[in-house]
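Engineer: for reference, the sequence and a predicted model appear below.
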Amino acid sequence: MKKLNHIYLVFLLLFLLTGCNEAIAQQPLETVIPLPTLTHTPTATHTMPATATPTHTPTHTPSPSATHTQTATHTPSPTNTATDTPTIIPPTSTSTATSTPAIVSLLAPQTPTITPTPAPITDPSLTIQALSERDYGGGQIKIVETLADRKGYMRYLYTYPSDGLTIYGYMDVPKHATPPYPVAVVIHGHLPPNLYNTQTYTRRYTAPLAEAGYIVLHPNMRGFYPSDDGMDWFRIGVATDVLNLLGILKQTAGQPGPLEHADLSFIGLMGHSMGGGAALRVATVDQDISATVLYSSMSGNERWNYEKILRWSGGKYGHRELVTPDSFLEQVSPNFHLHRVTGPLSIHNGEADGGTIKWGIDLCDQLKGIEKPVECFTYPDQPHIFEGAGEKLFTKRLIEFFDKVRLGTEIGTQPEQSDGNSGSQNEIMQ
């Protein structure tokens, strides 16, 4: 009996073991055997970016995500079990976490950028009155080299001192006219430094003047290579360079040297654009100027100038000038000191030059209002630098004007019709 009981127990145990194995075989393998990714370092410590950590609350910690990765669709393949490699993609919640700082930064109050108000320019040495009371010149013109030997003139590169700066320039000296020679100072306009050189574009005016018997002095203004750079608020530094050149001219004319044959009985100025603004300032300061020609000139009203300059420069230049009080701007602006001008003026503007023609017309009206001798010309279709027939007509009028003043010919009062389409009807007024 005992033996039967033992056999029964053995069969019962075998039956139970067989049933358990079948039950085990029906369960998913992963519920019994953990996957490698769950036995290694937790996924969240390697996949979550450092920036995401502060944005999660305890209810969104990575541990619940790990329990979801047990399903076959979210479990990395066995070849990617090294969870700290850069190929592992963070859980879906990561994108929400990483976007949170950007949203917060947009909603947070931004600290405004405060641009300090520029200080106004009120240096009393810059006023027309102060400029007219100081001394100029000192030193000499020194010839550096010969630039050209033409049929009617010689051209020389020279230097001279101006308030501690070395200024370069070129000088055209007539060959065949009988000395002494009247003097014309030609002042260039502004060009980008990479486009400018000492003889860039003014030769078209200096050469005809030299051939007509004038010593022509063309200073290469401060800041324009190879001249030194220096203070130039309201372009007063440029005017100072011209005034120092005129001072040296007056001190050395007739003496042995480059200006030995210069005749001080006539000193004419011609300025283009920036150089025109400088010429007008010089004419209000130096009362030895015989005649002044303004060609597409900047305004003699500095507020008008710097309102344009601020716009032309895209807001880069003009801030300090425009916060300067009107009371000081009037002291430095030539238009408020035109009564100081002693010689006649000739004003030339192209009708296609929207930047300067209004200034030229306004200046003409001002000079007429105070009964200063002036002739005014406009040129249809001509831009800031005249071209073709307009340029030739201007050059002709430039020389005729200087000759007329130099020889004492009365400036007429009748309107004069221009040649064809080269220049508009102009008025010569006294």
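Structural biologist: Perfect, thanks for sending it. Just so we're clear, the structure is a prediction, and the values are computed from it rather than from any experiment.
Engineer: hmm, residue 163 is touching residue 244, no?
Structural biologist: Yes - under the criterion of Cβ atoms under 8 Å, residue 163 makes contact with residue 244 at 6.6 Å. The way it works is simple: take the backbone N, C-alpha and C, and place the C-beta from them, glycine included.
Engineer: and those two? which has more neighbours close in?
Structural biologist: When residue 163 and residue 244 are compared for neighbours, residue 244 comes out ahead with 22 against 17, by other Cβ atoms under 10 Å.
Engineer: domain assignment for this structure?
Structural biologist: 2-103, 124-429 (automatic domain parsing).
Engineer: would you turn the ones you listed into JSON lines with mean pLDDT?
Structural biologist: Below are those laid out as JSON lines (pLDDT from 0 to 100):
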{"stretch": "domain 2-103", "mean pLDDT": "41"}
{"stretch": "domain 124-429", "mean pLDDT": "92"}
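Engineer: and the ones you listed, which is most packed in?
Structural biologist: domain 124-429 (a mean of 19; mean count of other Cβ atoms under 10 Å).
Engineer: tell me where the stretch 201-350 of the chain has strands.
Structural biologist: Remark: strands assigned in the stretch 201-350 of the chain by DSSP state E, counting those that start in this stretch are 215-220, 262-272, 291-295, 345-350.
Engineer: can I get these in TSV with distance to residue 205?
Structural biologist: Formatted as TSV, the strands of the stretch 201-350 of the chain follow (distance: least, Cβ to Cβ, whole Å):
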stretch	distance to residue 205
strand 215-220	8
strand 262-272	7
strand 291-295	8
strand 345-350	11
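Engineer: closest to residue 180 out of the ones you listed?
Structural biologist: Among the strands of the stretch 201-350 of the chain, strand 262-272 comes nearest to residue 180, with 3.7 Å by Cβ to Cβ.
Engineer: who does that closest one pair up with?
Structural biologist: Its sheet considered, strand 262-272 pairs with strand 181-187 (parallel), strand 291-295 (parallel) by DSSP bridges.
Engineer: CSV please, covering those and showing distance to residue 395.
Structural biologist: Below are the strands paired with strand 262-272 laid out as CSV (distance: least, Cβ to Cβ, whole Å):
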stretch, distance to residue 395
strand 181-187, 11
strand 291-295, 10
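Engineer: closest one to residue 262 among those strands?
Structural biologist: Using Cβ to Cβ, the strands paired with strand 262-272 put strand 181-187 closest to residue 262, at 5.3 Å.
Engineer: which residues touch that closest one?
Structural biologist: The contact list for strand 181-187, computed with Cβ atoms under 8 Å, 6 or more residues apart in numbering, reads 173-174, 202, 205-206, 209, 213-219, 221, 238, 242, 245-246, 249, 253, 261-272, 274-276, 278-279, 402, 406.
Engineer: follow-up on the earlier one: so which of the strands of the stretch 201-350 of the chain comes closest to residue 333?
Structural biologist: strand 291-295 (14.8 Å).
Engineer: and the helices in this protein?
Structural biologist: 2-25, 36-39, 44-47, 62-68, 93-107, 128-133, 203-211, 236-252, 274-285, 302-312, 319-322, 326-332, 357-369, 388-406 (DSSP state H).
Engineer: could you measure from the residue nearest to residue 409 when sequence neighbours are not counted over to residue 268?
Structural biologist: Spatial nearest neighbour of residue 409, excluding adjacent residues (Cβ to Cβ, 6 or more residues apart in numbering): residue 403 at 7.7 Å. Distance, residue 403 to residue 268, using Cβ to Cβ, to the nearest Å: 10 Å.
Engineer: got it, and residue 238?
Structural biologist: Counting by Cβ to Cβ - residue 238 and residue 268 are separated by 18 Å.
Engineer: likewise for residue 298?
Structural biologist: From residue 298 to residue 268 the distance is 19 Å (Cβ to Cβ).
Engineer: over to residue 128?
Structural biologist: 21 Å.
Engineer: same question, residue 119
Structural biologist: For residue 119, the distance to residue 268 - Cβ to Cβ - is 38 Å.
Engineer: now do residue 133
Structural biologist: 24 Å.
Engineer: again with residue 242
Structural biologist: In terms of Cβ to Cβ, residue 242 sits 12 Å off from residue 268.
Engineer: next: residue 287.
Structural biologist: Applying Cβ to Cβ to residue 287 and residue 268 gives a distance of 14 Å.
Engineer: how about the contacts made by residue 139?
Structural biologist: So residue 139 contacts 160, 161, 248 (Cβ under 8 Å, 6+ apart).
Engineer: what's the answer for residue 125, then?
Structural biologist: 131, 134.
Engineer: quick check: it vs residue 155, distance?
Structural biologist: 35 Å.
Engineer: then residue 370?
Structural biologist: 39 Å.
Engineer: now do residue 227
Structural biologist: 17 Å.
Engineer: again, but for residue 258
Structural biologist: 12 Å.
Engineer: check the contact lists of these two and give me the overlap.
Structural biologist: By Cβ under 8 Å, 6+ apart, the residues touching both residue 258 and residue 155 are residue 171.
Engineer: where along the stretch 51-200 of the chain do the strands fall?
Structural biologist: 142-149, 153-162, 165-174, 181-187.
Engineer: with distance to residue 382 added, can I get these in JSON lines?
Structural biologist: As requested, the strands of the stretch 51-200 of the chain are exported to JSON lines (distance: least, Cβ to Cβ, whole Å):
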{"stretch": "strand 142-149", "distance to residue 382": "28"}
{"stretch": "strand 153-162", "distance to residue 382": "27"}
{"stretch": "strand 165-174", "distance to residue 382": "25"}
{"stretch": "strand 181-187", "distance to residue 382": "19"}
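Engineer: so which of the ones you listed gets nearest residue 355?
Structural biologist: strand 181-187 (17.8 Å).
Engineer: now that closest one and strand 215-220, what's the angle there?
Structural biologist: Angle, strand 181-187 to strand 215-220, by axes from the mean of the first three to the mean of the last three Cα atoms, to 10 degrees: 20 degrees.
Engineer: what's residue 152 sitting at in phi/psi?
Structural biologist: phi -100, psi -10 (degrees, to the nearest 10).
Engineer: isn't it right up against residue 175?
Structural biologist: Yes - under the criterion of Cβ under 8 Å, residue 152 makes contact with residue 175 at 5.7 Å.
Engineer: name the residues contacting each of the two.
Structural biologist: Common neighbours of residue 152 and residue 175 (criterion: Cβ under 8 Å, 6+ apart): none identified.
Engineer: no more questions from me, cheers.
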